[in-house]
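In: Here you go, sequence then predicted model.
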Amino acid sequence: MDQITVPRIDIHRLTRRLPSGGRELTILDQVDLAISPGEFVAVLGPSGSGKSTLLALMAGLDRPTSGEIRIDGEPIQNLSEDGLALLRRRKIGFVFQSFQLLGNLTARENVLLPMELLGLADAPARANELLDAVGLQDRGHHYPSQLSGGEQQRVALARAFAPRPAILLADEPTGNLDGATGRKILEILTGLWRREGTTLVLVTHDPAVAALADRRIHLLDGRIEREETAAKLQPAEVLS
Amino acid sequence: MSPRFFFNTLIRESRGARGRLAFFVACLSVGVAAVVAVAGMSASLDEGVRTEARQLLAADLAIEGRRPVPPGLDFAKAGLGGAQRTDLKEMVTVVLARTSQVVELRVVNGEYPFYGELELQPQRPLSELLGPESVVVGSELLSNLGLRQGDTLRVGGAPFRIAGVVLSEPDRVSISFTIGPRVFMSSEGLARTQLEGKGSRVGHRTLIKLPASFSAERLPQAKERLESALDSTWYQVETYKEAQPALRNSIDRVDRFLGLVALLSLFVGGIGVAQSVRAWLSSRLDAIAVLKCLGMRPHEIFLLYLGQTALLGLAGSLVGIVLGSAVQLALPSLFPDLIPAELVRPWQPTALLRGLALGVGVAVLFSLPSLATVLRVPPARVLRRDAEPLPSHRWVTAATLIVLGTGIWVMATAQSRSLDLGSRFTAGMVLVTALLAGAALLISWMVRRLPRESLPGRIWMRHGLAALARPGSGTVSAIVALGLGVLVVLGMSLVERRLSSQLATAIPPDAPSAFLIDIQPAQWPGVHDILLKQGASRVDSVPVIMARVSAIDGRTVEQLAAEAEARRRKREEEERDGGEEQEGDRQGARRWALTREQRLTYLKELPADNRLVEGKLWSDPARAEVSVEQEFADDLGLHLGSTIRFDVQGVPLELTVTSLRTVDWQTFGINFFLVVEPGVLEKAPQLRLAATRLPRGSEQGVQDALAAAYPNVTMIRVREVLEKIAGVLERIGVGIRFLGGFTVLAGIAILGGAVSAGSARRGREVALLKTLGMTRPGVAGAFAVEYALIGLVAGLIGAAGATVLAYMVVTRGFELPWELQAWPVAAALGGAVALAVGAGLAASARALERRPIEVLRAE
């Protein structure tokens, strides 16, 4: 059967305005964007260009002022808070600049949490496998405060991939790390992306990091300024 | 979300916050301890009274009589074949050795006690020690009169040898009010005295011991049969199963009242709980956002934190239960006069469960408003840390408040076992809380609008003021909590002080200081002489004629008493379901007024403290007239024109009510409910009653002289009696203040908690101020100003509330004139300020100690 590929993420005339000091500030302005399953898209742009807002809207963390977002063909902008939570639980993983691990959970428990929410039977095995994949097999019992920044971000990566999300959203995942550690994180991230076949949307202001992506979206003042689908580089080449 | 996952997450979520939540547990446990202590103590006393019932009655059955129980009463006919009987006569009289003393005399005719132990020195049965010429006396009588065993004592004019000393009596509980030490005497002994003259006040009591084969289930039946064999107008039968109904009733009433005071301290603790949950959640906002990001639904997260709160509530309640039980164990030794240790049974499962249920209930209820924040945390906070919780929906706020109010009402009703009391308590609590919160907001608003820069004073003064206006500073809850504490403690202390001062000073300067009762008319000139010789002034004496009402408006007193009793029972049944008991009490009072022995006097003119309110004095030459005190007339259902038939020691006498009057009892003058017109009773057998004012210090001399010459005359010293009543009030006051202390304690904990909850922010504030060049004392000064203001506002509103509360209780409850007492109010204000500053500074100590760089680097 001939399959018409439905975009994993389909954004149509997406606008977000915020009240600010008595007037309205337009953060995103009529953005159109479609991302295919398994694609790696980097979103670039200076501070305040609307990168993080775009990411938040894709994840249902924020609601658009107007426009439409579809995930696997289903519009999400009218879902309830519960509906959005369930959507995230089933389809979306996150990696943040500031790691956002739960401080009162061990590394392993952090990885287990999203799988437990889904009630996955293989959660313990998968947690072991992922901790192994990020090179922290021996440190699962440590609390986040006992880990370095790079190690925390590796736990965050394992947690993000754990429930096999269709989409992984990463917000400046190397922003808080030094060069070498950042390089290592990107290596693990792209490795897992390739292995799991996830759709990856990565926000960054670092062109070198963006160079790893299939496609690069440049945002400026809430609009897509340009798109590139230049040849991809390997992480080692980009960051060397 | 599977239950297993829920509980796993619940346990994991509690890890980080354990230290902070110690405060939660502290707040809650103080209140629970108060509840458990009160509930446990009253349940324990009640159980003690019930299990020791036989001992407390010293018999299986007792007949209380206003007349001697007929000696020929046939027990077999009443189905009590084989029962043993002991007759007791009880009276208050004066004994004399070198000096004299008022005593409670008990004349024992038969075996005593049937149950329980009468501890005597020497350890021999009472019947062996008591002879025609010997008595056994309470140990305090020996010490009061400087006597020893074997010495001689005069009772009712006859000499008696002290053959033994009473160490403890089974049926004399230390909480009951006593007039004087005990003296036991045999009936042969009594016959030698002059105490049983006509008209003397003697109480009759017959104790009955049933044969061992008699089963306890048949007791009520036996009681009924005895009652029908006796005239219920004069006799009352009591079984050990219903032992000490008055005592148990007062335990029940005190339990309801103190239970509410304890509940209040639990509610104040609840404010602390709410505050600590809020502080805790505000530190968990990031985690909540992450959980939402990972796909947890808002209501799942809400349940998670609600579960946490319930668990903590459970922990706090358990700690409270332990504390409360410890208090209960310690109380009898702390206040030996207040609680008889022999009656305390500390293991009271229902009290512990009550504490647990109320503790968890308060924890969950009071946390609801804070927990609702969970629903409003924007998940976008994972990307933008400054995303604060969204403002709550108006209806969510309203629903939360309704749930909270209803919960408080349910708890108060359960705790007081009265719909009415529970509703009033809730309304009062809501009103006071609203006032306190409103005042706190007003102060905060005013401070915000104050032109701070133009204020005189140092920088720390301005900074302290500014801190009060800061949003989310926890000022409101601290003021509410501390204010409630001040209200309870000061309110109760004001009431108690007013009552004591009333007792101590309300005796007008010309009021009599002693009453002399049971004077035979022939003895009066001699008694009068003794009084004058001892410097007595304002000697006043009236004749007293003992009589009983036999009919009112043609209906016999038996009919009327039976009707009143039937109404009382009916009311009591209704009240058992519904709550209040004034009406049942009123019917009881009516029955009492009908059947008791009445004291009549005859006077040409009414004393100055009487005021006619209806009718005219001695206005009908055709009939024998009586003037009746108004409230007494209400009790008996009398009105102008009513006829009362009296039985004056065998002689019938019909009187018509021609006037009603009010009496100002506070003058302590001699007054009667029933005053008869002159010319009617002069020939009737009578005694005299005298009142006089004795020079201070001469009372003992008068009593000694009277006891020697007229041993049947009893002198009651007004001051002593008032002091005894004041003593009882003092004991109750101690109990209330003790519990009020829990409320203050909770208030202080909350204040300290409010400060330490904001310690991160406070630390940063201190660091910045120090970096900007403010010295540590300067910063401490600014904080002190802030806390002092909190204490002052809480103290002012609490004191105002306490004054209103005390005013209502004093003027409505006790019907006394109001008197403002300045210094307890001032002390409460000072105390509130001192406590607030102390608790606040103590909680900020760590923030003040840290070097600025440590804090700023951690940012």
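Out: That came through, no problem. Numbering: from 1, shown residues only, chains lettered A, B, ... in the order given.
In: Return the residues of chain A in contact with chain B.
Out: Residues of chain A lying near chain B by CB under 8 Å from any CB of the partner chain: A:52, A:55-56, A:59, A:61-62, A:81-82, A:85-90, A:92, A:94, A:96, A:98, A:100-105, A:109, A:113-114, A:116-119, A:159, A:171. C-beta: built from backbone N, CA, C; applies to glycine.
In: which among the residues you listed end up buried?
Out: Buried by 16 or more other CB atoms under 10 Å in any protein chain shown: A:52, A:55-56, A:59, A:61-62, A:81, A:85-90, A:92, A:94, A:96, A:98, A:100-105, A:109, A:113-114, A:116-117, A:159, A:171, out of these.
In: Need the per-residue pLDDT for the residue nearest to the spatial centre of chain A.
Out: Using CA atoms, centre = their mean, the residue of chain A that lies closest to the mean C-alpha position is A:Leu169, 1.1 Å off. For A:Leu169, the pLDDT comes out at 93.
In: Doesn't it belong to a strand?
Out: Yes - counting by DSSP: H, G, I helix; E, B strand; the rest coil, A:Leu169 is found in a strand.
In: Assess the claim that it and A:Thr198 are in contact.
Out: No - contact criterion CB atoms under 8 Å: A:Leu169 and A:Thr198 do not qualify, at 10.2 Å.
In: so what sits against both of those two?
Out: Common neighbours of A:Leu169 and A:Thr198, counting by CB atoms under 8 Å, 6 or more residues apart in numbering or on different chains, are A:Gly93.
In: before we move on, back to that, any idea what the residue nearest to the centre of chain A is bridged to?
Out: For A:Leu169, the beta-bridge partners are A:Phe94, A:Val201 (DSSP bridges).
In: what about it, distance to A:Ala156?
Out: A:Leu169 sits 12 Å away from A:Ala156, going by CB to CB, to the nearest Å.
In: Quick check, the residue in chain A closest to chain B?
Out: The minimum distance from chain A to chain B, using CB to the nearest CB, falls at A:Arg89 (2.4 Å).
In: Would you mind confirming that that residue makes contact with B:Gly295?
Out: Yes - at 2.4 Å, A:Arg89 counts as touching B:Gly295 under the criterion of CB under 8 Å.
In: Mutual contacts of the two, please.
Out: Residues touching both A:Arg89 and B:Gly295 by CB under 8 Å, 6+ apart: A:114, A:117-118.
In: near chain A, which residues of chain B show up?
Out: Residues of chain B lying close to chain A by CB under 8 Å from any CB are B:1-2, B:5, B:8-9, B:12-17, B:286-287, B:289-299, B:378-380, B:382-385.
In: Buried ones from those residues, can you make that a PyMOL selection?
Out: Those of those that count as buried under 16+ other CB under 10 Å are selected in PyMOL with:
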select buried, chain B and resi 1+5+9+12+13+14+16+17+286+287+289+290+291+292+293+294+295+296+297+298+378+379+380+382+383
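In: The residues of chain B next to chain A in helices, which ones?
Out: B:5, B:8-9, B:12-13, B:286-287, B:289-293, B:298-299 (DSSP state H).
In: Now the helix or strand hosting B:Val25: buried residues?
Out: B:Val25 belongs to helix B:18-51 when assigned by DSSP states H and E. In terms of neighbour count (16+ other CB under 10 Å), helix B:18-51 has its buried residues at B:20-21, B:23-46, B:48-49.
In: C-terminal to that helix, what's the next element?
Out: Heading C-terminal from helix B:18-51 (DSSP H and E), you reach helix B:53-57.
In: Let me know the next secondary structure element after that next one.
Out: The first helix or strand that comes after helix B:53-57 along the chain, using DSSP H and E, is strand B:61-65.
In: Residues contacting that next one, please?
Out: Contacts of strand B:61-65 (CB under 8 Å, 6+ apart): B:69, B:83, B:203-208, B:210, B:219, B:222-223, B:226, B:230, B:234-240.
In: Tell me which stretches of chain A form strands.
Out: A:9-20, A:23-35, A:40-44, A:66-71, A:74-75, A:92-95, A:167-171, A:199-203, A:215-220, A:223-228 (DSSP state E).
In: any idea how far B:Pro125 lies from B:Ala163?
Out: Applying CB to CB, the value for B:Pro125 to B:Ala163 is 12 Å.
In: Among these two, which residue is more densely surrounded?
Out: More crowded of B:Pro125 and B:Ala163, by other CB atoms under 10 Å in any protein chain shown: B:Ala163, with 21 against 11.
In: ok, the more buried one touching B:Ser134?
Out: Yes - using CB under 8 Å, B:Ala163 is in contact with B:Ser134, at 3.8 Å.
In: tell me the contacts of the residue of chain A closest to chain B?
Out: A:114, A:117-118, A:163, B:294-296.
In: what's the neighbour count on residue 216?
Out: With no chain named, the answer covers chain A. 21.
In: could you do chain B instead?
Out: By the criterion of other CB under 10 Å, B:Ala216 has 11 neighbours.
In: Quick check: the gap between the closest residue to B:Val676 other than its chain neighbours and B:Val651.
Out: Among residues not flanking B:Val676 along the chain, B:Tyr602 sits closest, at 4.6 Å (CB to CB, 6 or more residues apart in numbering or on different chains). B:Tyr602 sits 15 Å away from B:Val651 when distances are taken as CB to CB.
In: So these two - more neighbours on which side?
Out: B:Tyr602 (21 against 11).
In: Quick check: the more buried one touching B:Val675?
Out: Yes - if you go by CB under 8 Å, B:Tyr602 and B:Val675 touch, sitting 7.1 Å apart.
In: Distance from the biggest helix by length in chain A to the middle of the chain?
Out: Criterion DSSP H: the longest helix present in chain A is helix A:179-196. Centroid separation for helix A:179-196 versus its chain: 13 Å, with CA atoms, centre = their mean, to the nearest Å.
In: Same question for stretch A:136-153.
Out: 20 Å.
In: How about stretch B:829-838?
Out: In terms of CA atoms, centre = their mean, the centre of stretch B:829-838 is set 28 Å apart from its chain centre.
In: For it, C-alpha coordinates in PDB please.
Out: The C-alpha coordinates for stretch B:829-838 follow below in PDB (Å, rounded to 0.1, in the frame of the first residue of the first chain):
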ATOM      1  CA  LEU B 829       0.000  42.900  74.300                       C
ATOM      2  CA  GLY B 830       3.500  43.000  75.700                       C
ATOM      3  CA  GLY B 831       3.600  39.300  75.700                       C
ATOM      4  CA  ALA B 832       2.500  39.000  72.100                       C
ATOM      5  CA  VAL B 833       5.100  41.500  71.000                       C
ATOM      6  CA  ALA B 834       7.900  39.800  73.000                       C
ATOM      7  CA  LEU B 835       6.900  36.400  71.700                       C
ATOM      8  CA  ALA B 836       6.800  37.500  68.100                       C
ATOM      9  CA  VAL B 837      10.100  39.200  68.300                       C
ATOM     10  CA  GLY B 838      11.700  36.300  70.200                       C
END
